[in-house]
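# with the input below, show me the fold.
(4 chains)
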Number of protein chains: 2
Amino acid sequence: MALTDDDPRASDEPAVPAPHADTARERTHIGWRPGAPGEQSYEHPLVAVDVVILTMRRRRLEALLIKRRRWPYEGLRALPGSFVRGDESLEDAARRVLERAAGVRDVYLEQLYTFGDPQRDPRARVITVVYYALLRADALPAALAGSTGVIGSGEDAAELTWFPVDALPPLAFDHAEILRYTLQRLRGKLEYTRIGFQLLAPEFTLSELQEVYEAILSRTLDKRNFRKKVLSTGILEPTAHTRKSGQHRPAALYRFNPHADSGA
Amino acid sequence: MALTDDDPRASDEPAVPAPHADTARERTHIGWRPGAPGEQSYEHPLVAVDVVILTMRRRRLEALLIKRRRWPYEGLRALPGSFVRGDESLEDAARRVLERAAGVRDVYLEQLYTFGDPQRDPRARVITVVYYALLRADALPAALAGSTGVIGSGEDAAELTWFPVDALPPLAFDHAEILRYTLQRLRGKLEYTRIGFQLLAPEFTLSELQEVYEAILSRTLDKRNFRKKVLSTGILEPTAHTRKSGQHRPAALYRFNPHADSGA
DNA sequence: TCAAAAGTGTTGCAGGTACACCCATGA
DNA sequence: TCATGGGTGTACCTGCAACACTTTTGA
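Just a heads-up that it's a prediction; the model follows:
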């Protein structure tokens, strides 16, 4: 996790104390009892959500990571996250994280898996329910359009950076495993659902769609077979528009047809 | 959830108090504060695991359910479950539930999904990580070989009953939704993994294997096509044995070959 | 006229589906 | 000899993979 449970847009830390921190606010949190790092003496686990935020940038699939500013794993990158509040659903918590980290709402969001190894967080027993979100690059807020952005300010400023999923930096906690698993799931779902469209603007070229598939599957696809297959499903409808880019032939723009059958 | 966190083989109740119960033991549990039923005033959620325990009985897919003996949903059936202990992983917790409810170890167990609606349990905010387990009917303990068994004794005795998944009784909490989702997942996995074998004894006939597929998919399959397909994958090896049953031709027994490629 | 991406068809193969009859056994 | 489940083969169709050249545009 990375964003606090308490501050609206703020630090990259959940409200679990570092081993020698001992403020009143921190001690109000259950699930942790004073002790050396690594000591296991909790009664009930804490519950967090972490969100793998993915988008297409520069023709690659990239994930949004936050730089940790405290122990443990200080300086490493981590997934944005938060503790789950008492009155919100897990998905609501994930959407809250998503809005704080990426400033977006109404994006594709799906629960991935729940990670609960007792040792996964040296501070406390934290069970994390992981979601992944697919964002359209065209709908990113200006602060995140570049490779690096900052949310919050002053003490609580947190640096957010996009990383290609095939060139990730060292990650905190078990977040490397979580990202591996996310990609595996995404590859599986790509075959029998329509999640690929979630990474594209409402109108897109067939080449752009193919790039999404190639980025997720990390292999190239045959252009003719790809077009044949995707058009034969009937889930695309042509628009009257074209996209001119560079000094070559403009590409026809298509639109996703939500009324076509099957998929998800 | 259904089995307590405290007793080794016991009641169908987690250690969350009924609204007016107020014993010392119950009050030691965090996440709940005194109040009328339905009142939401908790700080941190509790974490439970529930386990969908499935097996093939009488040629049908059946689930093991416990009869609730307390408010809420008294008398209804529920999934066996427990709170997660501080020092055990989620899967360990699921295996503990599995051993208490069904008396089995070393069975196929997989995490399904995490359900966390704030209102899903009227007693407290309980997030449940659901696992599903596939049991071989031939390896069931005697107490569960019949349709109904009892675990624990006296006050804590709990009645466990097998129900066909297509003829379930009214279920407590959101457990009907959980079972629907389990079947959906199982159908999906059946296509591209080998989970079907997890419901069979080490040696089995092709008809038995087909029955497993038909029970999970809830449709009949063509016998010739089914055999052709499953044999062509090379994941079965014939044994020298046959099974005689009734007054007809004995069936050849096959064995799963774990060294064949692909699947899971 | 060149560079760069868009666009387009055919063929072979593998795998899925539909479909009906004989076999081995015990009562 | 009969009833019961075990066991087998062919023909069609669909979907996937391999494969190369022409078109349109702006510079």
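
# over to A:L200: give its phi and psi.
When read as degrees, to the nearest 10, the backbone of A:L200 gives phi -120, psi 160.

# that one is in contact with A:M56, isn't it?
Yes. Contact criterion CB atoms under 8 Å: A:L200 and A:M56 qualify, at 7.5 Å. All C-beta atoms are positioned from the backbone trio N, CA, C, and that covers glycine.

# now do the shared contacts for these two.
Residues touching both A:L200 and A:M56 (CB atoms under 8 Å, 6 or more residues apart in numbering or on different chains) are A:V212.

# so A:V126 makes contact with A:R120?
Yes. Between A:V126 and A:R120 there is a contact under CB under 8 Å: 6.9 Å.

# so between these two, which is more surrounded?
A:V126 (26 against 17; other CB atoms under 10 Å in any protein chain shown).

# tell me what that one is bridged to.
Counting by DSSP bridges, A:V126 is bridged to A:L46.

# and the gap between it and A:A48?
5 Å (CB to CB, to the nearest Å).

# now swap in A:V230 and tell me
Note on A:V230: its distance to A:A48, by CB to CB, is 38 Å.

# same question for A:A124.
Taking CB to CB, one finds A:A124 at 10 Å from A:A48.

# what helix or strand is the most centrally placed residue in chain A on?
Compute the mean C-alpha point of chain A, and by CA atoms, centre = their mean the closest residue is A:I53, 1.6 Å away. Using DSSP states H and E, A:I53 sits within strand A:46-57.

# again with A:G149
strand A:148-151.

# run through the neighbouring helices and strands of that strand.
If you count contacts as 3 or more CB pairs under 8 Å, 6 or more residues apart in numbering or on different chains; DSSP states H and E, strand A:148-151 packs onto strand A:158-164.

# who in chain A is up against DNA strand D?
Contacts of chain A with DNA strand D, taken as CB under 7 Å from any atom of the strand, map to A:222-225, A:228-229, A:244, A:247-250.

# now for these: which two are most distant?
Maximum pairwise distance among the residues of chain A next to DNA strand D (CB to CB): 29.7 Å, between A:K229 and A:Q247.

# show me where chain A has helices.
Secondary structure of chain A by DSSP state H: the helices cover A:24-27, A:90-102, A:175-192, A:206-217, A:223-232.

# export the second one to PDB, keeping only CA atoms.
Yep, that's helix A:90-102 we're talking about. Below are the C-alpha coordinates for helix A:90-102, written out as PDB (Å, rounded to 0.1, in the frame of the first residue of the first chain):
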ATOM      1  CA  LEU A  90     -13.400  -3.300  -1.200                       C
ATOM      2  CA  GLU A  91     -14.100  -2.000  -4.700                       C
ATOM      3  CA  ASP A  92     -15.000   1.400  -3.200                       C
ATOM      4  CA  ALA A  93     -11.600   1.400  -1.500                       C
ATOM      5  CA  ALA A  94      -9.900   0.600  -4.700                       C
ATOM      6  CA  ARG A  95     -11.700   3.400  -6.500                       C
ATOM      7  CA  ARG A  96     -10.700   5.800  -3.800                       C
ATOM      8  CA  VAL A  97      -7.000   4.800  -4.300                       C
ATOM      9  CA  LEU A  98      -7.400   5.100  -8.000                       C
ATOM     10  CA  GLU A  99      -8.800   8.600  -7.800                       C
ATOM     11  CA  ARG A 100      -6.100   9.700  -5.400                       C
ATOM     12  CA  ALA A 101      -3.200   8.200  -7.300                       C
ATOM     13  CA  ALA A 102      -4.300   8.700 -10.900                       C
END
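
# in that helix, what's buried?
A:90-98, A:100-102 (16 or more other CB atoms under 10 Å in any protein chain shown).

# cool, and the fourth one?
Within helix A:206-217, the residues that qualify as buried by neighbour count (16+ other CB under 10 Å) are A:206, A:208-216.

# which of those residues are close to DNA strand C?
Applying CB under 7 Å from any atom of the strand to the buried residues of helix A:206-217, one finds that A:L206 fall near DNA strand C.

# tell me the one of the buried residues of helix A:206-217 nearest DNA strand D?
A:Y213 (11.2 Å; CB to the nearest atom of the strand).

# so who does the closest one touch?
The contact partners of A:Y213, taken as CB under 8 Å, 6+ apart, are A:190, A:196, A:221, A:226.

# can you list the weak-confidence ranges in the stretch 101-250 of chain A?
Applying pLDDT under 70 to the stretch 101-250 of chain A flags the ranges A:153-156.

# residue in the stretch 51-200 of chain A nearest to DNA strand D?
A:E191 (8.7 Å).

# what's the neighbour count on that residue?
11.

# contacting residues for it?
No contacts exist for A:E191 under CB under 8 Å, 6+ apart.

# do the same with A:G103
With contact set as CB under 8 Å, 6+ apart, A:G103 has these partners: A:140-141, A:143-144.

# 6 Å instead, please
A:P141 (CB atoms under 6 Å, 6 or more residues apart in numbering or on different chains).

# which of the helices of chain A sits closest to B:L183?
Of all the helices of chain A, helix A:175-192 comes closest under CB to CB, at 17.0 Å.
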